[in-house]
Every structure is written in structure tokens, then in C-alpha cells.
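Visitor: Show me the folded form of this:
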Amino acid sequence: MVTRIFLCNEQTEPEIRDFIREAIAEISEGEQYIVTWNCGNIQTLKVGDRAYFKRIGSANQGYFASGTVVPADREYQLKLRSARYRELSEAYDIDSQANNFRVWVAWDSCVTFDEPLRTDYLRQLPHFQGMPLEPQTDAGVFREEYVRMLDREWERQTQKAIRAGKGVSLIDVYYRWGLEDIQQGFPQDALESFRQALKLNPNFIKAYLGLGDAHVNLREYAKAVGDYGKAISMRPDKARLAYYKRGEINFLLNQFQQALADFQAAIAIDPSYIEAHFSLGNTYLKLKSYEQAIASYSCTLDLDPSRDLAVFRRGRCHYILKEYPEALRDFSHAIELQPSNVDAYYYRGLTYSQPSIADETLAGDDLRKAIVLYQTQGKPDKARKAKEFLETLAIDSLPKAKPRSSYAIASSETEPTEEPTIAPITSKSIPLSIPVDDDEETSELIVEVQPDEQPIAITVSELITNEAAIAVSSSKDPEISDQSKPAQIVEIEKVVEKIVEVEKLIEVEKIVEVEKIVEIEKLVEIEKLVEIEKLVEIEKIVEVEKLVDRVVERFVDRVVEKPVPFSIEDPSTAEKLAMISVMAQYMRDGWMVKSVDKSQFGYDLECTKDDLREAVIIKSFTSDRESFAISAIEIENARSNRNFVLWVVSGASENPELRCVRGRELFEQFDLDPLAFAAKVRQSTLQLEFAPVSLEMPQFQ
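Guide: Numbering: from 1, shown residues only. As a prediction, the model looks like this:
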């Protein structure tokens, strides 16, 4: 097939501008625009010949349309009308006059008649020097050695015209449709669009790239590699994107040497290609060539200093090479660039734990942050791995706190008059055995409370003064919806939930007395049913609050005063009752109380009143203990959360004593000491004198 030039003079074709407007509209819809054109007495045109249309005349001489010679409809084919024309191709139309033929041409791109690819511009280009650009005859053949250069310049001209709204290209339409199909999740349709573009121009490199992308979406990686390879073979000096995309597929297929060569080729074409430098670093990392990976990541950061993954992975390379100061620098920088980079926290924690640095405090802090972030991001396996490593540290990095004065937990408005002598830690300093959720931090603190303190006593009976069932708030009456309940009642429901949690805890720990506990639960349920009927008649919130106060008092009195068969001094039970006492105090003072997830927020309650807000942590200790545990995330809240409030409750079973510490007062009023490990001998190893046990710290990498 050859490329031919058809001539157009506006004087002889006065409707040419109308033709072009129609062509732009039709091609934009994905259809070729068919025209018939006079070719004089030339009888050698074949279906499939490439055609360019050139404006001639006094001004703006140049190419304004391109297309392909196509068969005429059968009713118009000259060869079917007369035996004398049987040698002509199907493109020839009915002979309009002697020795003057017409052919059918399908336009696939055009620009406005006043925006052609000008001939005088082409003459100035070095690669067109010496080429005879003036046609000798209509439908003359364009010299083959210049065809590709003409195609390239025509593509640039059409793209420029398209951006200005003065042109259209069917190839561009198909290509755009293909890209849209990929983005919308229809890669099979995209393949067809790109193939249509290649039918119009087999040298259209971007269509091959599109085919490769569509095959990647279909997970047909071998075909994608072939598509990118075709684009590379057509223009190896301009195929940086094709090299990069093929390198990504080779990397995905674990063909790292081939990926290495592709990324290096892309960088050779464009040394400032950021993505290629980054992917080259990833490939070196996979090949365990850590020095080369560091160099590639450094080049990436020279071009884009904000690339946090490049910083992090360079840090990993330094870590593997045991270059710990450099690794710490990179992990810290990666966290600055992207605070949610949980892997950076994890690896920085590992780095801090190395013997040459051995800062177990910072190691513990980072590992705990990593655990929380892994859990938040839905990565339980990584969270468990970080937690297991944290447990291998020799010392808990967090300190232990004990009051420095008798005013340690007093109101901040009261100034201490004397600094008493701190008593040594005794057997009563044993930390509370508070169960720790696997999803929470495991590091705890011990808070020492001196026996000579005189706390302010607030009894449960003083807080709760009315008789009725809290169950009215959780009524199952279909006429009362959650949306119709006052906000205060919704919060009161959570108090009932806390009471039920205490009942369940009693049942689990004292299974022998389960029948008596069931009786208590039944009694509460009966009270709930009675109060359901009362709720329908209640019109004012104040009356509801009085009923709630009374049912809480009656239930708590029953749990505390009756000789139930369980120890109310149990730390877990005391913690639940302390929670109820503090919630009742806030609600009595007009606060809105909301129970929150401690593992996520770092505190137990969120209390609001007008513009006030308090993040509340509740701790309880029994009469025979002088300490309580506090976690790392709670300590961090005390440091950074200006709404932090710590309530310490003692004697929660009978006459609870509530004490309050706000904000950083925790660090001003308490000394902090670490919590040591506790070991309990298994039943099978009680006879230690006969079967000595060798304790060994597990090793880690």
C-alpha cells in the first residue's frame, strides 16, 4: 500500500469547509467520514492506500485531512458496471465523465481548513530537506522514505488542533475510549478500542501501551509484556514509559533481572524519571543488593524529597546492613512525612532495641504505637508480631508512679504544706490483676497510694436516691423508639449495661453460686418489665432521672449489702463498680456521659457539658492494695490531652472514695516505676527441688 496526496482548491471545491465541519462531528462519534474525490485519469489506486488531503491555492497551503481508500458501495462500483473497468479496484466510483475517475476515501482525522499542516513549515525541518513537497498530479504517490515523518508531524498537528477545538482524530477517539474503559473496569472493551486505533495506524505507539494496560487488568501478563515490547521496538529511543511498564510486569512476575534492565533503560532515556528510580530501588531490594538500592532511593529523593516510601525503604536497607544511626534517621523522616506509616514505627522500634543503641524506652513506645496502628488498619497478624517482639524486651520501658505527698490526688487548688517521707514499696504494692485485652497495650504502671491520705468519701447511696428501674431506658416497648428517647436516657442505658457486666463477671468467677446470681438477674428483669409500663406515662426528663437514680441505688445496695458468695474486693469487680460510681457522679452534675473504646481512644469515658469536655480514665484499688495499673496510652493522654482527667476510686463496694487528678498533675504528684514480670509455677512443675526449670529468654531476629 502507498500514501497518496489529493489536492483541494477552495475555488473548485467551495463546499470544503462544510465537509470539514461534518467530518469533525461524525468522527467525534467514532465514525469515519466518507467522501468521494476526483483523481483524474489515475487507475492504480487500491483499497487500503493511505490518503492525505492538501490545500492548494494562494494561502495556507498544507495538509488538512487524512484517511484511507475504501471500497465504494456495490451499486456505485465502476468495475461492476462495465467489463472495460474490471481491472480497477473496488474504490472507483461511477465514471462521471470520460477519462475522469472518482474514488471513495474514509477520513479518520481532519483540522479546520485554515489550520493545515503547512508546507512551508515542513520545509524548515531538517528531516524534510530535499524532499519535493509540491505534487505533480492529483492522487500522486508520496515518497515512501518520508511517510513516517509526515505521519508524525500530522499527529502533532491534529493534537494541537484538538486541544484548540479545531480538529479531530478517530484514532484519538478510539484511544480515549480505551482509556475510559480501563478506568471504568471494562478492560475487554478497551482491547477492542485500542485495536480499532491500530487498524487506522499500525504505528500508533500509545495504542500498544493501552493494549498492555488492558491485558494487565485482565491479568494476562505475558500478553502485556508483548504489547510493551512492540511499543519499544517501534521507538526504542522514546519508549521510556513502555520500558517502565514492562519492568513493572517483570517485577510482578519475579523476573527481577529483566525488570532491572527495563528500569535502567527507562532511566537512560530520561535520567529524571522518578518512578523508574524508585522501582529500580525496589528491584535491588528484592535482589538483596542493598547498597545499590540505597543509591536508587537516594536518587528518587533527590528528585522528589517527599517520597516517604523511598525514605522508609532506604531505612530498611540501612537496618539490614546494621547501619543503625542511618536507619533511625530514615525511619524518623518517613514518620514525619507520613505519620500513619506504621511499618516505620515498627522498624524504628526494632532499631532502638539493638544492643548498640539499647534504648528500650523508645523501642517500647514505637512498638506500642505500631500495635495500635496495625489494629486500627485491620492488620491483626502484624499487630500480634509486634506485640510478641515487645514482650521479648528485657525491661518495661514505662516508669512506675507513686504519690510524692499526701495531696497527690487532692484537688489542684490545694497546695501541699509538707513533703512527707515516701515509704518503701511493700507487698501491698503488687499491681492489680486487671485483665488486658489482646488488642490493648500490655505495658502497665503502678500507682502507689500512701495509707495516711484522707480522701473525700462519696457513697453510692448519696449519689443514687430514687427508686425505679434503669430498665425503662432499654425498654423493648415497640411504641418507644431509640430516636424518641432523650439523650440523657440513652446515656443512662449504658449504666444498666455496666451493671449487667458486673453480674456476668460474678457468674463467671463464682460458677458454684450461679443459681443465686440468676435470681438477682431475674429480679432485675422483673424490675425492667415493671418500669416499661411507667415509661409510657413519664413526660418530663427530671422524673425519669429520679426513677433511674432509685433503681441504681436499689440494685447496688442489693449487690453490696447482701451476703453474696463472691469477693467484692476482686479487682475486676471493683473496676466495674468504680466505673458506675464515676458515671453516676457526672450524670448527677448534669454531664452527658459516653462510654468509649479504651483501646482506640486511650480513656474510658467521654463527658461533655455545654462547651466543656473531659476524657476520663477510671482506676480502682482495693483496701489491701496501695497501687493501680496504668497503661502507656493512658500516660500519653496525660501528657498531650488537655482534657485528661484521672479518677482513682477506693472502696468501690461500700463507700467509694473518689479522687481526681487532671492533666500533667499525674507527673507532678507521682513517681513512676516499671512493672516487672510475674511468673506463676504450673501445676506440673510444683516439685521444683526435684525438677529444676531452666528459664530462657526467647530469641528474635
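
Visitor: Please spell out which residues along stretch 152-170 are buried.
Guide: 153-155, 157-158, 161-162, 166-170 (16 or more other CB atoms under 10 Å). C-beta coordinates here come from the backbone N, C-alpha and C atoms, glycine included.

Visitor: mind giving me JSON lines with these and columns for pLDDT and secondary structure?
Guide: As requested, the buried residues of stretch 152-170 are exported to JSON lines (pLDDT from 0 to 100; DSSP: H, G, I helix; E, B strand; the rest coil):
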{"residue": "Glu153", "pLDDT": "90", "secondary structure": "helix"}
{"residue": "Trp154", "pLDDT": "91", "secondary structure": "helix"}
{"residue": "Glu155", "pLDDT": "88", "secondary structure": "helix"}
{"residue": "Gln157", "pLDDT": "92", "secondary structure": "helix"}
{"residue": "Thr158", "pLDDT": "91", "secondary structure": "helix"}
{"residue": "Ala161", "pLDDT": "92", "secondary structure": "helix"}
{"residue": "Ile162", "pLDDT": "91", "secondary structure": "helix"}
{"residue": "Lys166", "pLDDT": "92", "secondary structure": "coil"}
{"residue": "Gly167", "pLDDT": "93", "secondary structure": "strand"}
{"residue": "Val168", "pLDDT": "93", "secondary structure": "strand"}
{"residue": "Ser169", "pLDDT": "91", "secondary structure": "strand"}
{"residue": "Leu170", "pLDDT": "91", "secondary structure": "helix"}
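
Visitor: Check which element follows the helix or strand containing Ala629 along the chain.
Guide: Assigned by DSSP states H and E, Ala629 falls within strand 627-631. Later in the chain than strand 627-631, the nearest helix or strand by DSSP H and E is helix 632-640.

Visitor: Which helix or strand lies directly C-terminal to that next one?
Guide: Downstream of helix 632-640, the first helix or strand assigned by DSSP H and E is strand 644-650.

Visitor: Quick one: work out the angle between that next one and strand 627-631.
Guide: Comparing the axes of strand 644-650 and strand 627-631 via axes from the mean of the first three to the mean of the last three CA atoms, to 10 degrees yields an angle of 150 degrees.

Visitor: so what does strand 644-650 touch, helix or strand wise?
Guide: helix 571-588, strand 612-621, helix 632-640, strand 657-662 (3 or more CB pairs under 8 Å, 6 or more residues apart in numbering; DSSP states H and E).

Visitor: Adding distance to Lys598, write the ones you listed out as JSON lines.
Guide: Formatted as JSON lines, the helices and strands packed on strand 644-650 follow (distance: least, CB to CB, whole Å):
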{"stretch": "helix 571-588", "distance to Lys598": "11"}
{"stretch": "strand 612-621", "distance to Lys598": "8"}
{"stretch": "helix 632-640", "distance to Lys598": "8"}
{"stretch": "strand 657-662", "distance to Lys598": "18"}
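
Visitor: just so I know, which of the ones you listed lies nearest Glu180?
Guide: Nearest to Glu180 among these is helix 632-640; the distance by CB to CB comes to 47.4 Å.

Visitor: helices and strands around the closest one, which ones?
Guide: When contacts are defined as 3+ CB pairs under 8 Å, 6+ apart, helix 632-640 packs onto helix 360-376, strand 612-621, strand 644-650, helix 665-669.

Visitor: Put the alpha carbons of that helix into PDB.
Guide: Output of helix 632-640 as PDB, limited to C-alpha atoms (Å, rounded to 0.1, in the frame of the first residue of the first chain):
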ATOM      1  CA  ALA A 632       1.200   3.500  78.100                       C
ATOM      2  CA  ILE A 633      -1.600   5.000  76.000                       C
ATOM      3  CA  GLU A 634      -3.100   6.500  79.200                       C
ATOM      4  CA  ILE A 635       0.200   8.000  80.200                       C
ATOM      5  CA  GLU A 636       0.400   9.600  76.700                       C
ATOM      6  CA  ASN A 637      -3.100  11.000  77.100                       C
ATOM      7  CA  ALA A 638      -1.900  12.600  80.400                       C
ATOM      8  CA  ARG A 639       1.000  14.200  78.500                       C
ATOM      9  CA  SER A 640      -0.800  15.500  75.400                       C
END
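
Visitor: Compute the inter-axis angle for that helix and strand 657-662.
Guide: Here helix 632-640 points in a direction 60 degrees away from that of strand 657-662 (the same axes, to 10 degrees).

Visitor: one step back: just the buried residues of stretch 152-170 now: which is nearest Asn203?
Guide: The shortest gap between Asn203 and any of the buried residues of stretch 152-170 belongs to Glu155, at 9.6 Å (CB to CB).

Visitor: What separation do you get for that closest one and Met234?
Guide: In this view, Glu155 and Met234 are 13 Å apart by CB to CB, to the nearest Å.

Visitor: before we move on, what about Ala386?
Guide: Distance from Ala386 to Met234, counting by CB to CB: 50 Å.

Visitor: between these two, which one's more packed in?
Guide: Between Ala386 and Met234, counted using other CB atoms under 10 Å, Ala386 has the larger neighbour count: 26 against 16.

Visitor: May I see the buried residues of the helix or strand hosting that one?
Guide: If you go by DSSP H and E, Ala386 is part of helix 380-391. Under the neighbour-count criterion of 16+ other CB under 10 Å, helix 380-391 has 382-383, 386-387, 389-390 buried.

Visitor: Rebuild the residues you listed as JSON lines, extending it with distance to Leu122 and pLDDT.
Guide: Formatted as JSON lines, these follow (distance: CB to CB, whole Å; pLDDT from 0 to 100):
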{"residue": "Lys382", "distance to Leu122": "62", "pLDDT": "92"}
{"residue": "Ala383", "distance to Leu122": "66", "pLDDT": "91"}
{"residue": "Ala386", "distance to Leu122": "66", "pLDDT": "90"}
{"residue": "Lys387", "distance to Leu122": "71", "pLDDT": "90"}
{"residue": "Phe389", "distance to Leu122": "69", "pLDDT": "88"}
{"residue": "Leu390", "distance to Leu122": "71", "pLDDT": "88"}
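
Visitor: now these as JSON lines including distance to Val648?
Guide: Formatted as JSON lines, the buried residues of helix 380-391 follow (distance: CB to CB, whole Å):
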{"residue": "Lys382", "distance to Val648": "35"}
{"residue": "Ala383", "distance to Val648": "30"}
{"residue": "Ala386", "distance to Val648": "31"}
{"residue": "Lys387", "distance to Val648": "28"}
{"residue": "Phe389", "distance to Val648": "32"}
{"residue": "Leu390", "distance to Val648": "27"}
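
Visitor: from those, which single one is nearest Phe263?
Guide: For these, the nearest to Phe263 is Lys382 (28.8 Å; CB to CB).

Visitor: related to what we said a few turns ago, out of the helices and strands packed on strand 644-650, which comes closest to Pro71?
Guide: Minimum separation from Pro71 across these (CB to CB) falls at helix 632-640, 77.7 Å.

Visitor: how about the closest one: buried residues?
Guide: For helix 632-640, the neighbour count (16+ other CB under 10 Å) marks 632-638 as buried.

Visitor: Now these in CSV, please, with extra columns for pLDDT and distance to Leu612.
Guide: Formatted as CSV, the buried residues of helix 632-640 follow (pLDDT from 0 to 100; distance: CB to CB, whole Å):
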residue, pLDDT, distance to Leu612
Ala632, 73, 27
Ile633, 77, 23
Glu634, 79, 21
Ile635, 79, 23
Glu636, 77, 22
Asn637, 78, 17
Ala638, 80, 18
